[in-house]
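>>> Dropping the sequence and predicted coords here.
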Number of protein chains: 2
Amino acid sequence: MSDDVFAADGRVIGSRALATRRKLLDATAKLLQEQGILDLRVVDISRDIGSSPATFYQYFNDVDEAILELAKEATEDEKPLVALLQPGWKAADGLERAGRFVDAYMVYWDAHHAVLRARNLKAEEGNRYFRAVRTEANLLVMDALQAMVAEGIATKRLPDSLDPFTTAAAVVAMCERLLSFQPEMARRGANRDAIRNTLATLLYGALTGH
Amino acid sequence: MSDDVFAADGRVIGSRALATRRKLLDATAKLLQEQGILDLRVVDISRDIGSSPATFYQYFNDVDEAILELAKEATEDEKPLVALLQPGWKAADGLERAGRFVDAYMVYWDAHHAVLRARNLKAEEGNRYFRAVRTEANLLVMDALQAMVAEGIATKRLPDSLDPFTTAAAVVAMCERLLSFQPEMARRGANRDAIRNTLATLLYGALTGH
DNA sequence: TGAAAATCTGACGGCGAGTCAGAAAGGTCT
DNA sequence: AGACCTTTCTGACTCGCCGTCAGATTTTCA
């Protein structure tokens, strides 16, 4: 009943319209990636699908609304990451498990980095809708991370000067931001493997105290 | 001879023009802070100083050029941070020294976050000038961080699976990004002190292995 | 003070945002 | 098939900002 999709004026749309809307979203994602959010034009998106700006406004009140939709779709792909963050990383396999999480995070990031960057920018600039989407996405992972830190503190491996929630945020921050730097670091000689292993080591340390 | 300041057409400008240019830069910073980069209009900047758009274009070819200038100015304020990152953080005082660095970083971030966010966005979207400015700024701090990590690895306190450069990048990433999250984390109960102490603990751990 | 240099701005052409009335396409019923 | 209705699309328009330039205004200094 409620996976109905709506046009900008609120009416439920049919299958032809749904296809058009999908094409617009894909074109938005593509151009966001190619040109960046600052040069994203509704005219270009429309032209890209061989249509006119008026068509775009049939489905979205503005570009933000389309990006927000893409951000929500990206959140779906973040959910599986949680499965890689079950407590109990031990010396024997902890580093390897951290590595697997980093690998998965890299794949996720690669697939959505343009949209995630846009989402974060809008969230940081105070847009409440983007804030909500980012929070929802981050909490998925952060709840799991927080539990691991709490366990580490309980077993005295980690100092109690760590706030679990903030530590979880720091770990997410590290992952996101380091991957943003990636192209530039590559230019300075740090390759993908070095980033991967360093990130895994840092995560393992911050989360377990090993 | 070469701290001359130039207008957009390349001529050297006098003191009246310099003052106008300064006012434009300040207004740009103010509006960047208030409205965010996506809604920044040359018209608004000009209006803010009681002038017309044409005046803006006397001094800058476009808004990016003004933001770039502000980013360069922000870099100056980052330099003093390096002094807080001399190797030799020991158990006795290391955590406290990490805390002092975090404090200084917070002040720096508060003063410039709008500009730094804009700089990072442009850099990540591939703008070479913003990339260069960001790299220059980050390297100041990262060279110092890298040296500390290298020392930690040499003394076997840190595992050699850490790449010093990447670790340095991760530390910068954590600082930058965590402060971005700050307003949102506050809403979820993590106060400024918790962030400060957690960040200090994580830095101390990542840099020294303690 | 008057002429030259420096600085500022009104006014304009161009382009993208967003709207709306009506055209086109698709579906239904007889 | 054809008349009619609903859904979807778009041409054409207004508005506001961008970036330019010629000329107005202010400052300088001989």
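The structure has been received and is ready for your questions.

>>> alpha carbons only for contacts and neighbour counts from here, please
Fine.

>>> my guess is residue A:58 contacts residue A:7, does it?
Yes - at 6.0 Å, residue A:58 counts as touching residue A:7 under the criterion of CA atoms under 8 Å.

>>> pLDDT weak spots in chain A?
The model of chain A has pLDDT under 70 over residues A:1-2.

>>> Spell out which residues of chain A are next to chain B.
For chain A, the residues in contact with chain B (CA under 8 Å from any CA of the partner chain) are A:35-36, A:38, A:124-125, A:161-163, A:165-167, A:169-171, A:173-174, A:177-178, A:180-181, A:185, A:190, A:194-195, A:197-199, A:201-202, A:205-206.

>>> Please identify the residue most distant from the middle of chain A.
residue A:156 (31.9 Å; CA atoms, centre = their mean).

>>> and the helix or strand hosting residue A:45, how far out from the chain's middle?
Assessed by DSSP states H and E, residue A:45 sits inside helix A:42-48. Relative to the chain's own centre, helix A:42-48 is displaced by 25 Å; criterion: CA atoms, centre = their mean, to the nearest Å.

>>> who does that helix touch, helix- and strand-wise?
Packed against helix A:42-48 by the contact rule (3 or more CA pairs under 8 Å, 6 or more residues apart in numbering or on different chains; DSSP states H and E) you find helix A:15-35, helix A:53-59.

>>> Determine the longest helix present in chain A.
Looking across chain A with DSSP state H, the single longest helix is helix A:94-124.

>>> Give me the next element, helix or strand, following that one.
helix A:128-154.

>>> Quick one: name the residues of chain A near DNA strand C.
Proximity of chain A to DNA strand C is confined to A:40-44, A:53-54, A:57, A:61-63 under the rule CA under 7 Å from any atom of the strand.

>>> can you do 6 Å?
Within chain A, the residues that sit near DNA strand C (CA under 6 Å from any atom of the strand) are A:41-43, A:53-54, A:57, A:62.

>>> Pick out the residue nearest the middle of chain A.
Central residue of chain A (CA atoms, centre = their mean): residue A:116, 4.8 Å from the mean position.

>>> quick one: the residue nearest to that residue when sequence neighbours are not counted and residue A:65, what's the gap?
Nearest residue to residue A:116, sequence neighbours excluded (CA to CA, 6 or more residues apart in numbering or on different chains): residue A:71, at 6.6 Å. Residue A:71 sits 10 Å away from residue A:65, going by CA to CA, to the nearest Å.

>>> Comparing the two, which residue is more hemmed in?
Between residue A:71 and residue A:65, residue A:71 has the larger neighbour count (other CA atoms under 10 Å in any protein chain shown), namely 24 against 15.

>>> which secondary structure element contains the more buried one?
Secondary structure from DSSP H and E places residue A:71 in helix A:63-78.

>>> packing partners for that helix?
Applying 3+ CA pairs under 8 Å, 6+ apart, we find helix A:63-78 packed against helix A:15-35, helix A:94-124, helix A:128-154.

>>> Isn't residue A:79 up against residue A:139?
No - counting by CA under 8 Å, residue A:79 stays clear of residue A:139, with 10.1 Å between them.

>>> Need the nearest residue in space to residue A:56, chain neighbours excluded.
Leaving aside its sequence neighbours, residue A:56 sits nearest to residue A:46 (CA to CA, 6+ apart; 6.4 Å).

>>> Tell me how many other residues crowd residue A:15.
Other residues close to residue A:15 by other CA under 10 Å number 9.

>>> scratch that, residue A:186 is what I was asking about
Neighbours of residue A:186 (other CA under 10 Å): 13.

>>> So it: helix, strand or coil?
Three-state call for residue A:186 (DSSP: H, G, I helix; E, B strand; the rest coil): helix.

>>> and the gap between it and residue A:195?
In terms of CA to CA, residue A:186 sits 9 Å off from residue A:195.

>>> Break chain A down into its domains, please.
A:15-61, A:70-208 (automatic domain parsing).

>>> Make CSV from the ones you listed and add distance to residue B:95 to it.
Below are those laid out as CSV (distance: least, CA to CA, whole Å):
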stretch, distance to residue B:95
domain A:15-61, 40
domain A:70-208, 10
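
>>> Quick check: closest non-adjacent residue to residue A:177.
Leaving aside its sequence neighbours, residue A:177 sits nearest to residue B:173 (CA to CA, 6+ apart; 5.4 Å).

>>> ok, the one you found to residue B:199 distance?
Distance, residue B:173 to residue B:199, using CA to CA: 11 Å.

>>> And these two? Which one has more around it.
residue B:199 (28 against 24).

>>> For the more buried one, list the residues it contacts.
Neighbouring residues of residue B:199 by CA atoms under 8 Å, 6 or more residues apart in numbering or on different chains: A:167, A:170, B:99, B:102, B:174-175.
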